[in-house]
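**Q** Structure here, sequence nowhere to be found:
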């Protein structure tokens, strides 16, 4: 016959397993890519491929960074009326969004770590829009600003962006 203490420990283990299984189920159903989405490293859309073609080299030899960026000609030619689709990541929780990050794919598991994001795009809206939850799929259009500053790694940002239906 099981003692009360052993019974309580066993019940605690069963409850922990049930809670863990429920958490895994929620994570899988919320963050698992749906059919038709790209893989996190796939970046199948032409706009994301174009952004990923920027070459960035760190040639620093001291404490001051020296970042050399090479922008392909087709990106330089596409800076006006640049349209891209991706997933929103807010910088801050605010009632209106003026600036946010766009990534090509939602994370498979934001708690798993390790993989990180590939390319990302800093988006500056022309006019603020209502707040949206993280990982909302958006299509935006604006002007690509090429950032040639040798002291930062950021290479491009989308400015004067508007939401495309």
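**A** Good, I have the coordinates. All values reported here derive from a predicted model rather than from experimental measurement.

**Q** What separation is there between the closest residue in space to residue 81 that isn't next to it in sequence and residue 92?
**A** For residue 81, the nearest residue in space outside its immediate sequence neighbours is residue 141; the separation is 6.3 Å by CB to CB, 6 or more residues apart in numbering. Where you see a C-beta, it was placed from the backbone N, CA and C, and this is true even at glycine. From residue 141 across to residue 92, the span is 23 Å (CB to CB, to the nearest Å).

**Q** ok, those two, which is more surrounded?
**A** residue 141 (16 against 9; other CB atoms under 10 Å).

**Q** which residues does that one bridge with?
**A** Listed beta-bridge partners, residue 141: residue 83, residue 162 (assigned using DSSP bridges).

**Q** residue boundaries of the strands in the chain?
**A** Per DSSP state E, the chain carries strands over the ranges 55-58, 67-70, 82-90, 96-103, 121-130, 137-146, 156-163.

**Q** So for residue 47, which of the ones you listed sits nearest?
**A** Nearest to residue 47, of all those, is strand 82-90, at 4.0 Å by CB to CB.

**Q** which helices and strands sit right next to the closest one?
**A** Applying 3 or more CB pairs under 8 Å, 6 or more residues apart in numbering; DSSP states H and E, one finds that strand 82-90 contacts helix 46-52, strand 96-103, strand 137-146.

**Q** got the angle between the longest one and strand 96-103?
**A** Angular relation of strand 137-146 and strand 96-103 on a 0 to 180 degree scale: 80 degrees, by axes from the mean of the first three to the mean of the last three CA atoms, to 10 degrees.

**Q** Okay, buried residues for strand 137-146 please.
**A** The neighbour-count criterion (16 or more other CB atoms under 10 Å) identifies 138, 140-142, 144-145 as the buried residues of strand 137-146.

**Q** how about CSV for those residues, with pLDDT and distance to residue 127 added?
**A** Output for the buried residues of strand 137-146, formatted as CSV (pLDDT from 0 to 100; distance: CB to CB, whole Å):
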residue, pLDDT, distance to residue 127
138, 93, 15
140, 95, 12
141, 95, 13
142, 95, 12
144, 95, 19
145, 95, 18
